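Student: Could you work out the structure for the sequence below:
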Amino acid sequence: MGKTGLKGGIAIVALTALGACAGGNFDPDLRGIIGQGGLDTSGAAAQAAARPAPDSRGVITFQNGQVALANGGDTPASVAARLGIDAATLARHNALAVDAPLNAGAVLVLPGTVPTSAPASGGATAVTDPFAKATGSAPRETDTAPRNHVVVRGETAWSIARKYGISVQDLASWNGLPADMALHPGQRLIVPKPGEKAPAATDTKPGQGTPTPVPPSAAAPLPDEETAPASEPAPDAPDVDLGADRTAASGGGRFAMPVSGPIIRDYEKGKNDGIDIAAPSGAAVNAAGSGTVAAITRDTAGTPIVVVRHDNDLMTVYAGLGDVSVAKGDSVSAGQGIGKAGDGGSVHFEVRRGFDSRDPTDYLN
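Tutor: Numbering: from 1, shown residues only. Below is the predicted model of the structure:
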């Protein structure tokens with residue numbers, strides 16, 4: 001993945017990690033990141049369909065196989081006993097120990113098939129799905145055929161979600177991933193089909209095309225014009241590198257530059273959700289304002305990402321670091337060191353209000 005694509009996903013990685021660790025519980029649609037009910041993701045990228053409802057044993061049947069959901073406190077052995085299959089085979093198929101503890105809603109891919117209507121064995125408690133949407137739909141065999149993915153060393157939930165073009169929230173809710181999104185090599189994941197965005201609303205009635213405006217020249221020819229040439233040709237504009245001496249915005253914003261250096265790439269919403277600041281390896285990176293370290297995570301290349309929460313629902317994101325000197329939960333003051341620049345030649349800096357990126361130069365002093 002190139003630098004542009006990597007930086008485009010930096011804040012998503014960081015903010016998703018922040019949402020995952022807030023309160024110790026995973027928030028599938030990220031509504032709990034900022035305040036209480038302050039974030040509405042209904043207009044964001046389309047979500048995949050909800051995971052189908054399981055039967056009383058926790059079994060979901062797809063066209064291409066079956067999975068079993070765990071209750072809190074389950075192990076591969078207890079799930080196998082409930083389904084009447086061999087525990088060692090089930091555990092080996094999912095790269096787990098037979099007695100490995102499972103989170104509520106965790107998914108085990110079955111090595112074969114079990115009858116779809118058999119009751120739970122041994123009077124076991126019926127399995128409920130903590131990630132189910134409140135649709136009231138009954139358990140059924142679904143015609144949805146999710147793909148299967150076997151985790152290899154070095155992969156993360158975010159890199160797998162990007163690979164298949166789905167949101168990390170959908171990947172987590174379909175597989176019952178834990179709050180820290182931890183994966184292990186050999187783990188089998190089910191990958192839902194990506195959601196589709198609804199078409200943009202228009203005022204055109206059904207069956208009617210959008211009318212094409214008639215250009216003025218179609219009704220009457222444009223008048224002839226004779227423009228006198230300038231007496232002297234304008235001189236060529238000098239070549240100026242605006243990034244060579246640009247270090248901050250000229251306004252009186254609340255944040256300071258996190259690292260000393262020129263801005264070498266501007267904010268462009270949806271393409272570069274922050275600014276890139278030239279910084280040699282080892283340069284001090286400081287908190288842009290006072291706040292609390294809300295999350296520290298890493299991108300797929302292992303580069304640290306720091307998220308600092310400020311008041312007024314603002315957050316700042318720092319990436320491209322080679323070293324971090326703070327810990328999650330630390331209080332930091334404006335200008336306090338949070339780490340050192342890595343060897344990539346720049347530090348990426350973002351300002352976010354809730355889940356929405358803002359132009360950092362509007363906030364810099």
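Student: Verify the stated contact: Phe62 with Asn148.
Tutor: No. Applying CB atoms under 8 Å as the test, Phe62 and Asn148 come out as separate, 9.7 Å apart. For glycine as for every other residue, the C-beta is placed from the backbone atoms N, C-alpha and C.
Student: For the two, list the residues in contact with both.
Tutor: Ile190 (CB atoms under 8 Å, 6 or more residues apart in numbering).
Student: mind listing what Gly337 touches?
Tutor: So Gly337 contacts 284-287, 325 (CB under 8 Å, 6+ apart).
Student: er, Ile275 actually
Tutor: By CB under 8 Å, 6+ apart, the neighbours of Ile275 are 263, 265-267, 348-350, 360-361.
Student: go again using 6 Å as the cut-off
Tutor: Listed by CB atoms under 6 Å, 6 or more residues apart in numbering, the contact set of Ile275 reads 263, 267, 349, 360.
Student: for Ser159, same thing?
Tutor: Ser159 touches Thr300, counting by CB under 6 Å, 6+ apart.
Student: separation between it and Gly302?
Tutor: Per CB to CB, to the nearest Å, Ser159 is found 11 Å from Gly302.
Student: repeat for Ser167
Tutor: Between Ser167 and Gly302 the distance, using CB to CB, works out to 22 Å.
Student: Next: Pro111.
Tutor: Distance of Pro111 to Gly302, computed by CB to CB: 33 Å.
Student: Then Ala278?
Tutor: 22 Å.
Student: show me where the stretch 51-200 of the chain has helices.
Tutor: 76-83, 87-93, 157-164, 168-175 (DSSP state H, counting those that start in this stretch).
Student: Just say which of these is most tucked in.
Tutor: Burial of the helices of the stretch 51-200 of the chain is given as mean neighbour count (mean count of other CB atoms under 10 Å); helix 168-175 ranks first at a mean of 24.
Student: could you dump that one to CSV, C-alpha only?
Tutor: Listed next in CSV are the C-alpha coordinates belonging to helix 168-175 (Å, rounded to 0.1, in the frame of the first residue of the first chain):
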residue,chain,number,x,y,z
VAL,A,168,-13.4,-3.1,10.4
GLN,A,169,-16.6,-2.7,12.4
ASP,A,170,-18.4,-5.2,10.1
LEU,A,171,-15.5,-7.6,10.3
ALA,A,172,-15.5,-7.4,14.1
SER,A,173,-19.3,-7.8,14.5
TRP,A,174,-19.5,-10.8,12.1
ASN,A,175,-16.7,-12.6,13.9
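Student: Nothing else from me, thank you.
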